[in-house]
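Peer 1: Give me a model of this one.
(chains A and B)
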Amino acid sequence: AQKITQTQPGMFVQEKEAVTLDCTYDTSDQSYGLFWYKQPSSGEMIFLIYQGSYDEQNATEGRYSLNFQKARKSANLVISASQLGDSAMYFCAMREGPDQAGTALIFGKGTTLSVSS
Amino acid sequence: DVKVTQSSRYLVKRTGEKVFLECVQDMDHENMFWYRQDPGLGLRLIYFSYDVKMKEKGDIPEGYSVSREKKERFSLILESASTNQTSMYLCASSGTSSQKNEQFFGPGTRLTVL
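Peer 2: Reported below is the predicted structural model:
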């Protein structure tokens, strides 16, 4: 079974609109971390936002917020007021267990976001 | 500014060649990772290292080996390149000092094996 599921291969949004990118995860660990990364066409992976499993508040970073619903095991990324520069591939990722030396991330397959003017 | 660098952005090799992909980070991070990225498959972990001379297999280690002789450098080696190793290779590093310890990525190496 997939540990990270992103069900939307592609999303389209107009400038200044909000968009939600879906992510569900599967883990039996009580302590884990959830990440979102952005990958523009240039290829570099850019860290956007982090949510720890014990964090009670949803994480926010500027126009990015993470809608964390622990019981549903979902960690959706919300981008408010989309900009043309938001067009990119977005990856959801999970680190299982408390952070320990060398714990790798498990990535979803990604969602391509296209923002039009 | 934190930085992870990879030796090449683009590389073309022939089947059977030995290929070295180098990754260097300047953040004094303990952990380093090699992933490959293929369309529709996301990123898959090949190997990672949590300390000098230490290495752990990831999900797809077959056909690859790694070397970490110095803390800042993590090398991925394709002992005998094959066409199914044509892919984008991404190196990342992370520290251990915070709760999130996000991974910082290099720009990637797009490898083509002919």
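Peer 1: Going by C-alpha atoms from here, please, whenever you check contacts or count neighbours.
Peer 2: Fine.
Peer 1: do stretch B:27-44 and chain A meet?
Peer 2: Yes: using CA under 8 Å from any CA of the partner chain, stretch B:27-44 reaches chain A at B:30, B:31, B:32, B:33, B:40, B:41, B:42, B:43, B:44.
Peer 1: Now do the fifth one, the pLDDT please.
Peer 2: Okay, so that is residue B:40. The per-residue pLDDT reported for residue B:40 equals 86.
Peer 1: Enumerate the beta-bridge partners assigned to residue B:32.
Peer 2: residue B:49, residue B:93 (DSSP bridges).
Peer 1: Would you mind naming what in chain B lies close to chain A?
Peer 2: Counting by CA under 8 Å from any CA, chain B sits next to chain A at B:30-33, B:40-45, B:48-50, B:96, B:99-108.
Peer 1: just the buried members of those residues?
Peer 2: Among those, those buried by neighbour count (16 or more other CA atoms under 10 Å in any protein chain shown) are B:30-33, B:42-45, B:48-50, B:96, B:100-108.
Peer 1: Under the pLDDT cut-off, which ranges of the chain? List them.
Peer 2: No chain in the question, so chain A it is. A:1, A:98-102 (pLDDT under 70).
Peer 1: Please refer instead to chain B.
Peer 2: B:1-2.
Peer 1: what are the ranges of the strands in it?
Peer 2: Along chain B, the stretches classed as strands by DSSP state E are B:4-6, B:10-13, B:19-25, B:31-38, B:42-49, B:56-57, B:64-70, B:73-78, B:87-94, B:104-105, B:109-113.
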